[in-house]
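J.: Mind looking at a prediction? Sequence and model below.
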Amino acid sequence: MNANINSSNTDDCNFDSKLRELKFIFHSRMNGEASMQMKRLNAVYKINYGVSLPHLKEIAHEVIFSPEECDKLWTTNIREAMLVACIQLPDAEATVEKMLRWSADVTTADMAELASFLLFYRTHELTAFCEALVKRNNPYDFTIAVHSAARALQHSLPATDAANVICDAIMQRTEFSLSEVRGIAMLINRLNIDSQTAPLAQKVVDYLTNINTDDAQKILFSVE
């Protein structure tokens, strides 16, 4: 038992050391103006360095975390650390159960979109993930579902069934957040690329045209 305790303590020390190193790198790449602006918009984060996504992708190759440590990174409530966790988590670890747990911690539209862009689209059984998000209906669940399906289609991953789930949910609503507007427009555009899924996109477009709300018009304006 003592060996296990010592091992656990060592693991924690290693993680703390790597997290300190990561914070130092974040600070060196810090964009002061962007950080201040993002702090005003996203005050929920413990720390927000305003580091750009290209720089974050570079940093993710400098300090490597295990899948277990990625779990810890995600819970730090440090915006950039959470995104590094999204970048580094292996596909094999992106189970529906884990991704539902991670997605429940999303508290900003910014994180909903970026985490979907980097990680959630890689979720095992994307259809089951999207079904669970639509049913759970936390504040950013629908944003995550829409952006994840659109991103999966962008990467030519099997996401038609997930898109069907989301399109059905879209046609049960008349109001959409700005993040949802962006995600729905992207999803429609991705569906339109393939002749097999284009009819599904048209079905959503017809619905949005018929309801003719301000949010619907914003989506249609962004459809190519």
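T.: Structure received. Residues are numbered from 1 along each chain as shown.
J.: which intervals of the protein have sub-threshold pLDDT?
T.: For the chain, applying pLDDT under 70 flags the ranges 1-10, 31-44.
J.: again, only using 50
T.: In the predicted model, the chain carries pLDDT under 50 at residues 1-5, 35.
J.: what about the helices in it?
T.: For the chain, the helices defined by DSSP state H occupy 2-28, 32-41, 53-59, 67-74, 79-88, 96-103, 109-118, 126-136, 141-154, 160-170, 178-193, 198-211, 214-222.
J.: Contacts made by the shortest one with the rest, please.
T.: Just to be clear, that refers to helix 53-59. For helix 53-59, the external contacting residues (Cβ atoms under 8 Å, 6 or more residues apart in numbering) are 22, 25-26, 29, 51, 80, 83-84, 87, 114. Where you see a C-beta, it was placed from the backbone N, CA and C, and this is true even at glycine.
J.: Ok, stretch 149-157 next?
T.: For stretch 149-157, with Cβ under 8 Å, 6+ apart as the criterion, the contacting residues are 116-117, 120-122, 126, 130, 158-159, 162-163, 166, 183, 186-187, 190-191, 193, 197.
J.: 6 Å instead, please
T.: 116-117, 121, 126, 159, 162-163, 166, 186-187, 190 (Cβ atoms under 6 Å, 6 or more residues apart in numbering).
J.: quick one: buried residues of that stretch?
T.: Counting neighbours by 16 or more other Cβ atoms under 10 Å, one finds that the buried residues in stretch 149-157 are 149-154.
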